[in-house]
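J.: Provide a 3D model corresponding to the input given below.
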Amino acid sequence: MPNMNSLVLTDRAATPVDHTFTPRDLSQGMGTLAETQDVPVGENRVQVALKKTAGGRYKGFLKLTMPVVQTSSGTNGIETPVVVRTAFATLDLSFDATSTLQERKNIVGMLQDALDPSNTLINDTLVKLEGIY
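T.: Sure thing, here's the model as predicted:
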């Protein structure tokens, strides 16, 4: 059973930036990690969980939430951070109880490979917002 610990994810900026997510909460099997800032409004978050269904399937869940924050001038010149938009990525995995470790490795590895920038079908559709033809 994995221990909830810090997670470092690297973005695709021209000069890549490592984002460190530290444990924030563990509730009902859902681990939440946050990229901690001075003010919690608009923190990037990762949530991860695994549940076993009544039918015996294992349901894996991963969610990345990345809000964009701007500072708004309020009354008396007090600046307030405001979330102006948020990007979400959600991954749901479902495995039969009889699945093998190699089967699970394969599907996770194929998903990782599918998200590589060199795979233009997926990259250009999701990143460049281009339609498929």
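
J.: Could you list the domains of this protein?
T.: 7-97, 100-133 (automatic domain parsing).

J.: Quick check: chain neighbours aside, which residue is closest to residue 53?
T.: Of all residues not flanking residue 53 in the chain, residue 59 sits nearest, at 6.0 Å (Cβ to Cβ, 6 or more residues apart in numbering). C-beta here means a position set from N, CA and C on the backbone, and glycine is covered the same way.

J.: wait, what's in contact with residue 32?
T.: 23, 24, 25, 26, 45, 46, 47 (Cβ atoms under 8 Å, 6 or more residues apart in numbering).

J.: show me where this protein has strands.
T.: 7-10, 18-27, 30-34, 45-52, 58-73, 79-95 (DSSP state E).

J.: For the first one, give me every contacting residue.
T.: Strand 7-10 is touched from outside by 16, 17, 18, 19, 20, 21, 33, 46, 64, with contacts defined as Cβ under 8 Å, 6+ apart.

J.: Which of the contacts of residue 32 has the largest number of neighbours?
T.: Most neighbours among the contacts of residue 32, by other Cβ atoms under 10 Å: residue 46, with 20 neighbours.

J.: What pLDDT does the model give that one?
T.: Residue 46 is assigned a pLDDT of 97 by the prediction.

J.: Please identify which pair of the contacts of strand 7-10 lies farthest apart.
T.: 16 and 33 (19.4 Å; Cβ to Cβ).

J.: what does stretch 118-125 contact?
T.: In contact with stretch 118-125 (Cβ under 8 Å, 6+ apart) are residues 113, 114, 115, 116, 117, 130, 131, 132.

J.: Before I go, just wanted to say thanks for your time.
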